[in-house]
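Student: What would the 3D arrangement of this be:
(chains A and B)
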Amino acid sequence: MARHLITSAIPYINGIKHLGNLVGSQLPADLYARFQRARGNEVLFLCATDEHGTPAELAAAKAGKPVDEYCAEMWAVQDEIAKGFRMSFDHFGRSSSQQNRDFTQHFAGRLADEGLIEEVTEQQIYSNTDGRFLPDRYIEGTCPNCGFESARGDQCDNCTKQLDPVDLINPYSTISGSTDLEMRETKHLYLRQSQMKDQLSEWIESKNDWPVLTTSIAKKWLHDGDGLQDRGITRDLSWGVPVKRGTEDWPGMAGKVFYVWFDAPIEYIACAKEWADANGKSDADWQRWWRTDMGAEDVRYTQFMGKDNIPFHTLSFPVTILGSGEPWKLVDYIKGLNYLNYDGGQFSTSRGRGVFMDQALAILPSDYWRWWLLSHVPESSDSEFTWENFQASVNKDLADVLGNFVSRVTKFCRSKFGEVVPEGGKWGEQEEALIAELTTRVRAYEGHMDAMEVRKSASELRAIWVAGNEYLQTAAPWVTFKEDPEKAAAQIRLALNLIRLYAVLSAPFIPDAAEDLMKAMHTEDAEWPDDISAALGSLAVGDAFTVPDVTFRKITDDEREEWQARFAGTRD
RNA sequence: GGCGAUGUAGCUCAGUUGGUUAGAGCAGCGGAAUCAUAAUCCGCGUGUCCGGGGUUCAAAUCCCUGCAUCGCCA
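Tutor: Residues are numbered from 1 along each chain as shown, chains lettered A, B, ... in the order given. Now for the predicted structure:
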């Protein structure tokens, strides 16, 4: 039995995510986790919220709440939505957990011991009114180059010239609008990533089977310009993991916290401990997933993430892991995903453009979204959501091909034989041909799922559904019933078993519908069909079933038009 | 501005290390069937593979260049 550690990039705590965020990480990770479990493999699937940093502080202030309280509430909201989309996390953690604090401080201490941390004293802009240092993007002023009045601290959006915040004329804080700014000296820790450039490069070069997207982004950061840069890992903030060297205070760093990108990936490890702690398990239970000296040497670790997160996962986090000099599990495969666009543009939170996770669940069940999103996942390039395409796919694939198959089989059986698996007759050439085709297709499906070729998996699964309709069409039990009822009985017995088979195979994509079908067939046999012929004998003569309600309904043109208008975005 | 992609049938996309008449699903057209959610099944594609050069016996696939779209960065 293989062991799979699977993590999805952790969403930022601030606000509800849109469908692009969902399909870019959590959803394909969930598909993979469900598939591996269904094959009988051992899986630990983790996700969490990324809670630290300035945006969370500002959002909390805006909501008039203490930041920890705000985060706790938003975590609950995100947890609820993830459940709504049937994310099968073994644990949905929080980067603000005590466990993550401990690990983050531990890693910083180890990295310092290994000579990979440098203390740097630098000048930064401090806002007296806001009582905080301002990140570049929170400073605006007049561009010294072109005179544009809303140039950002890092770049002028008008003339595109790169700027340094100190060069801005009449700079002000975008948080408060205050112009009471001054330069202050402050000390920060830098992670000396450049020291490990060669080691990282060799590691990335060895990953021939990773998506090109993943390796090309990593290589760009490794070799672009002066090569991999050292990065600051601390900030002058209050909301974050306090800077410590292991369990000791860090001289000169009192009152500072680690920068989010440093502590967020460490949450993957901390989350495993949170999982163990929350479920009455021992340290050994999580360590066997993460420590190669404590049982994790046979674990296959797969990470899922959108392309914006690739640099941190291919470079920065590996520096933390490798640089610690301790036997932590390093990622084996990084499934990097592109972006999903919305109807010819980007999803936009500020403009209310596109469908957000809570809105999606309010208008249709999660399976409809899961199917469309997964079968159109942006694997090789950015992909596009349009309502026409969504309506067509849902109606054709789910309602017509799969849903109608279930409907025609169960209703025909009920009218001719009753709601019970009929007896008599036996399989002939048509049935053997179907089994041969299904065997080939199911093996291909498994291959694609193992390789995380999500679109190809969806396409193969659909072909498996279609095979059932093709069989019915040629077998034509409505004709054979008139001449040879026993033959029709054998045909329908097979078709009823196909429904159970489809439920098992489809569960990673559409878990709710799969469960409904299993219940309708009065079975709990969810064993993966290693032998198709045997699997089609699961429901035996005399077993009762219930004709299910409509498995998937169709989306009407009126609904499509209404949603199209509702989510187009109005504000600008 | 720098960098990275992407550009294949009306639409959404496949096309592995360059190699037989460039593929799938949807839409469209024609037919079969009538068990079923007006569902299903079968048949039908002469597409400047973005343009222009080049390498090669052979390029959608490699190189150069132009254009377009998108994204990222400081």
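Student: Can you see whether the helix-or-strand element of chain A with minimal mean pLDDT contacts RNA strand B, counting any residue in it?
Tutor: Ranked by mean pLDDT, DSSP states H and E, the helix or strand of chain A with the weakest confidence is strand A:151-152, at a mean of 72. No. Residues of strand A:151-152 contacting RNA strand B under Cβ under 7 Å from any atom of the strand: none, with a closest distance of 8.7 Å. Yep, even glycine has a C-beta here, placed from its N, CA and C like the rest.
Student: what's that strand packed up against?
Tutor: Counting contacts by 3 or more Cβ pairs under 8 Å, 6 or more residues apart in numbering; DSSP states H and E, strand A:151-152 is packed against strand A:139-142.
Student: Which stretches in the stretch 1-150 of chain A count as strands?
Tutor: Using DSSP state E, counting those that start in this stretch, the strands of the stretch 1-150 of chain A run over A:3-8, A:42-49, A:91-94, A:117-127, A:132-133, A:139-142.
Student: Mind putting the ones you listed into CSV with mean pLDDT, distance to RNA strand B and mean neighbour count?
Tutor: Listed next are the strands of the stretch 1-150 of chain A as CSV, based on pLDDT from 0 to 100; distance: least, Cβ to the nearest atom of the strand, whole Å; neighbours: other Cβ atoms under 10 Å:
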stretch, mean pLDDT, distance to RNA strand B, mean neighbour count
strand A:3-8, 96, 20, 23
strand A:42-49, 97, 20, 24
strand A:91-94, 97, 24, 22
strand A:117-127, 87, 13, 15
strand A:132-133, 82, 16, 18
strand A:139-142, 80, 13, 21
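Student: Would you convert those into TSV that also reports distance to residue A:231?
Tutor: Formatted as TSV, the strands of the stretch 1-150 of chain A follow (distance: least, Cβ to Cβ, whole Å):
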stretch	distance to residue A:231
strand A:3-8	22
strand A:42-49	22
strand A:91-94	24
strand A:117-127	11
strand A:132-133	17
strand A:139-142	20
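Student: what about the closest residue to residue A:325 other than its chain neighbours, how many residues close to it?
Tutor: Spatially, and ignoring its direct neighbours in sequence, residue A:325 is nearest to residue A:114 (5.4 Å; Cβ to Cβ, 6 or more residues apart in numbering). As a burial measure, residue A:114 scores 16 neighbours (other Cβ atoms under 10 Å).
Student: Ok, residue A:328 next?
Tutor: So residue A:328, with other Cβ under 10 Å, has 16 neighbours.
Student: From residue A:293, how far off is it?
Tutor: 9 Å (Cβ to Cβ, to the nearest Å).
Student: Can you give the contact residues for the one helix or strand residue A:371 maps to?
Tutor: In the assignment (DSSP states H and E), residue A:371 maps to helix A:366-375. When contacts are defined by Cβ atoms under 8 Å, 6 or more residues apart in numbering, helix A:366-375 is touched by residues A:19, A:22-23, A:27-28, A:31, A:84-86, A:340, A:360-361, A:389-390, A:393-394, A:397-398, A:454-455, A:458-459, A:462, A:509-513, A:552, A:555.
Student: and if you look at stretch A:52-60?
Tutor: A:12-15, A:66-67, A:69-71, A:95-96, A:135, A:138, A:175, A:235, A:237-241, A:257-260, A:263-264.
Student: just to revisit the earlier point, nearest to residue A:308, out of the strands of the stretch 1-150 of chain A?
Tutor: Distance to residue A:308, taken as Cβ to Cβ, is lowest for strand A:3-8 among the strands of the stretch 1-150 of chain A, at 14.0 Å.
Student: any idea of the angle that closest one forms with strand A:42-49?
Tutor: Between strand A:3-8 and strand A:42-49, the angle comes out at 20 degrees (axes from the mean of the first three to the mean of the last three Cα atoms, to 10 degrees).
Student: List the strands paired with strand A:3-8, with their directions.
Tutor: Strand A:3-8 has its sheet partners listed here by DSSP bridges as strand A:42-49 (parallel), strand A:299-306 (parallel).
Student: tell me, which of the contacts of helix A:366-375 make contact with RNA strand B?
Tutor: Applying Cβ under 7 Å from any atom of the strand to those, those adjacent to RNA strand B are A:389, A:397, A:455, A:459, A:552.
Student: need the helices for the stretch 51-200 of chain A, in chain order.
Tutor: Under the criterion DSSP state H, counting those that start in this stretch, the stretch 51-200 of chain A contains helices at A:54-63, A:67-84, A:98-113, A:197-205.
Student: And the stretch 401-550 of chain A, by the same measure?
Tutor: According to DSSP H, counting those that start in this stretch, the helices that the stretch 401-550 of chain A contains are A:404-416, A:429-450, A:454-475, A:477-483, A:485-506, A:511-520, A:532-535.
Student: correct me, but residue A:99 touches residue A:276?
Tutor: No. Between residue A:99 and residue A:276 there is no contact under Cβ atoms under 8 Å: 9.3 Å.
Student: Residue A:357: how many residues sit nearby?
Tutor: The local packing count at residue A:357 equals 23, with neighbours defined by other Cβ under 10 Å.
Student: Chain neighbours aside, what residue packs nearest to it?
Tutor: Using Cβ to Cβ, 6+ apart, the closest residue to residue A:357 is residue A:81 (4.8 Å).
Student: just residue A:217 next, same as before
Tutor: residue A:310 (4.4 Å).
Student: Any stretches of the stretch 251-400 of chain A with poor pLDDT?
Tutor: A:344, A:350 (pLDDT under 70).
Student: which bits of it sit near RNA strand B?
Tutor: Contact residues (Cβ under 7 Å from any atom of the strand) of the stretch 251-400 of chain A with RNA strand B: A:307-308, A:339, A:341, A:345-346, A:376, A:378-384, A:386, A:388-389, A:392, A:396-397, A:399-400.
Student: Just the ones in strands from these, please.
Tutor: Taking DSSP state E, the ones among those that sit in strands are A:341, A:383, A:384.
Student: are any of those residues buried, and which?
Tutor: A:341, A:383 (16 or more other Cβ atoms under 10 Å).
Student: ok so, going back, please identify which of the strands of the stretch 1-150 of chain A is closest to residue A:192.
Tutor: Per Cβ to Cβ, nearest to residue A:192 of the strands of the stretch 1-150 of chain A: strand A:117-127, 5.6 Å.
Student: Sheet partners, orientation included, of that closest one?
Tutor: Strand pairing (DSSP bridges) places strand A:117-127 next to strand A:132-133 (antiparallel), strand A:181-191 (antiparallel).
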